Each structure stands twice: as C-alpha cells, then as structure tokens.
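1. The following comprises the amino acid sequence and a computationally predicted model.
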Amino acid sequence: MDDAKTVRFMSFLRKRCRVNPSRGPFHLHSPNRILWRTIRGMIPHKTPRGQAALQRLRVFEGVPPPYDKRKRMVMPMALRVLRLAPGRKYTVLKRLSSEFGWRYQDVVSGLEDKRKAKAHAYYEAKKAARRLLAKAEKEVETELAPIKEQLAAYGY
C-alpha cells in the first residue's frame, strides 16, 4: 500500500451516518477485515456466485495452526517490487491498522516469531536428515550398482 492509500483510508474512516452512526458504514480496523472488505469490493458480492466466493475466502493475521505446516505460495503479480515504482512511498497494512485502532499487533507478531522459530528448527532438522540420507546413499552406491543396472534393463 502506498502512502496515498493511508490518506484514502483516513477519508473512509470519516464517513458515517450523521443521524445514527450505528447504522454504518462500519469501519473495520483489523488487517484481515480491511483486506476482506477490499476483496469484497472487487467481486459481485450481491450475487449467489459472489456470496459463495466470499464464503470460501479466508483471511488471517499471521499464519494460524492449520496452515503453518502447509507449503506457502507466492503471487508474483502482488509483490511490492513489481507493483510499485522504485522510490515510491508505501505503508504496511499492520502498521496502518495499529495506527487506526487495532490493538493486537504485538500479540500477532509474538505468535509469528514463535511460529518462525519453530519452522526454522524443523527446517534445520530436515536439512540434517537430508545430509545423512545423501551420505548413506553414497556409501551403498557401489553395492547397489549391479541392482540398478538390472532394474534399468526392466525399465525402472
């Protein structure tokens, strides 16, 4: 998000019903709800197809437990390096949210630090196991050479 979006969000927060503000519009301060509402504005959310798409959409702060062990993907067309011009000012959604009233940035960053430490430990153990496997394969490579030739003859 560039800095112009910060100003635009401030302008959005000023909009309210003059007679009874509890009638809306509702200003959601948490980063996942801001993103959810932004995506809602991009799809036809009043049609059954759009409503089904919104029900399938899941947005979180950080990476919660069911997803922390899954492979993560990168959307190249959403990368800041590709979307914003060099030298352009930008802001991060968690900073914007915390400036406008979201109180859980410290909690989420603490949980994310724990998750990253756990993931790093797992990855180091996985690398060590991979090295041991490669070493073991190298040790028995000469013994397995005739068997591999026989398997190659059968197409394996």
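-> On my side now, so go ahead. Worth saying up front: this structure is predicted, and the values here are computed from it rather than measured.
2. what stretches of the protein score poorly on pLDDT?
-> Along the chain, the model assigns pLDDT under 70 to residues 1-2.
3. ok, which stretches of it are helices?
-> In the chain, the segments counted as helices under DSSP state H are 3-14, 31-40, 48-56, 80-83, 93-99, 105-153.
4. Give the other helices and strands that the longest one contacts.
-> Spelled out, that is helix 105-153. Packing partners of helix 105-153 (3 or more Cβ pairs under 8 Å, 6 or more residues apart in numbering; DSSP states H and E): helix 93-99. Every C-beta, even on glycine, is put in place using the N, C-alpha and C of the backbone.
5. Residues contacting the helix it packs on, please?
-> Residues outside helix 93-99 that contact it (Cβ atoms under 8 Å, 6 or more residues apart in numbering): 1, 5-6, 9, 29-31, 34-35, 61, 102, 105, 108.
6. Return a ChimeraX selection command for the buried portion of these.
-> Here is the ChimeraX command that picks out the buried ones among the contacts of helix 93-99, judged by 16 or more other Cβ atoms under 10 Å:
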select :1,6,9,29,30,31,34,35,61,102,108
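7. Distance check, Thr91 against Glu61.
-> 16 Å (Cβ to Cβ, to the nearest Å).
8. Domain boundaries for this protein, per the record?
-> Domain ranges of the chain: 1-103, 104-156, per automatic domain parsing.
9. Please work out which of those domains is packed deepest.
-> Neighbour counts (mean count of other Cβ atoms under 10 Å) averaged over each of the domains of the chain peak at domain 1-103, with a mean of 12.
10. Contact partners for Phe12?
-> Taking Cβ under 8 Å, 6+ apart, one finds His27 in contact with Phe12.
11. cutoff 10 Å now
-> Under the criterion of Cβ atoms under 10 Å, 6 or more residues apart in numbering, the neighbours of Phe12 are 5, 25, 27, 34, 37, 100.
12. State the pair within those that is farthest apart.
-> The span of the contacts of Phe12, defined through Cβ to Cβ, is set by Lys5 and Pro25 at 17.5 Å.
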